[in-house]
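Chemist: let's see this in three dimensions:
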Amino acid sequence: MLPYSFLVLWSYRVANQRKFKEKVKLGILINLLKTFFHIEKHFLTIKHINYPQEQFILSMMHCHQCLVYGIKDKDKFYALISASNDGEIIAKAAETLNIKSVRGSSKRRGVAASLELIDKLKEGNSAGIMIDGPRGPRGKVKDGIVNISKLTGVPIIPVAWHSKNKTFFAASSWDKFIIPFGPCQTVALYGEPIFIPSDLEKENIKFWCERIENEMQKLQNDLEENYDKYLKA
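Modeler: Numbering: from 1, shown residues only. This is a model prediction of the structure:
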């Protein structure tokens with residue numbers, strides 16, 4: 001009995017030590033990213049082309065999360081961010097920029113997060129959704145954004161983001177996450193609103209996901225090809 005009790009107590013202690021170490025590591029990463037965001041906001045510029053004037057759901061690539069730097073009315077904007085540890089780091093650091101978040105994804109708190117975001121939209125707020133998060137495939141639109149737009153009547157606005165500066169750095173992650181380091185001039189190009197029919201049938205959701213994908217890719221191609229023109233506009 002004694003050896004078994006000792007093993008249980010030892011396992012519990014090890015588990016708590018691991019949790020403590022994970023919390024410490026998470027806290028360090030959050031503070032580092034908060035510091036980075038606080039400094040970088042003084043160096044990053046975002047030129048907006050066709051920024052939406054009405055309430056919207058911003059359709060963003062997961063790699064373009066730092067684009068929320070440029071949201072103009074942050075008091076009425078919520079970003080949907082994964083409930084994972086990585087999402088915790090991003091969400092806490094985003095608070096430095098006064099960006100509020102709703103936590104959840106298709107894997108964790110998906111339904112609860114969608115309902116919370118729907119409530120925020122019905123209150124008149126706008127939102128940003130990373131359409132291929134949190135694990136990809138890169139650039140593939142999941143049906144969450146379509147369902148949320150359908151239920152709220154708020155249009156989807158696709159967006160592209162680009163810069164020619166070397167400080168517009170792409171990480172080697174699955175999504176090629178963009179991290180602007182130091183002085184960086186960027187352009188954000190917003191597309192026309194996409195209104196999802198309120199009576200949309202489930203079998204037709206794929207069509208709208210593909211339409212959003214295509215619009216986002218067209219915007220990105222246009223922006224990369226005509227970046228200098230948009231920068232000078």
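Chemist: before we move on, which element is residue 224 in?
Modeler: Assigned by DSSP states H and E, residue 224 falls within helix 205-225.
Chemist: centre of the chain to the next helix or strand along the chain from that helix, how far?
Modeler: Next along the chain after helix 205-225, taking DSSP H and E as the criterion, comes helix 227-232. Helix 227-232 has its C-alpha centroid displaced from the chain centroid by 25 Å (C-alpha atoms, centre = their mean, to the nearest Å).
Chemist: kindly report the same for stretch 52-62.
Modeler: Centroid separation for stretch 52-62 versus its chain: 11 Å, with C-alpha atoms, centre = their mean.
Chemist: what sits against the nearest residue to residue 211 once chain neighbours are set aside?
Modeler: If the residues on either side of it in the chain are set aside, residue 211 comes closest to residue 194, at 6.9 Å by C-beta to C-beta, 6 or more residues apart in numbering. For the C-beta atoms, the positions are set from N, CA and C on the backbone; glycine is no exception. Applying C-beta atoms under 8 Å, 6 or more residues apart in numbering, we find residue 194 in contact with 59, 149, 155, 156, 157, 158, 208, 211, 212, 215.
Chemist: how about the fourth one: what's its closest non-neighbour residue?
Modeler: Across the structure, with C-beta to C-beta, 6+ apart as the measure, the residue nearest residue 156 apart from its sequence neighbours is residue 194 (4.3 Å).
Chemist: same question for the first one.
Modeler: Of all residues beyond its chain neighbours, the one nearest residue 59 is residue 158 (4.6 Å), with distances taken as C-beta to C-beta, 6+ apart.
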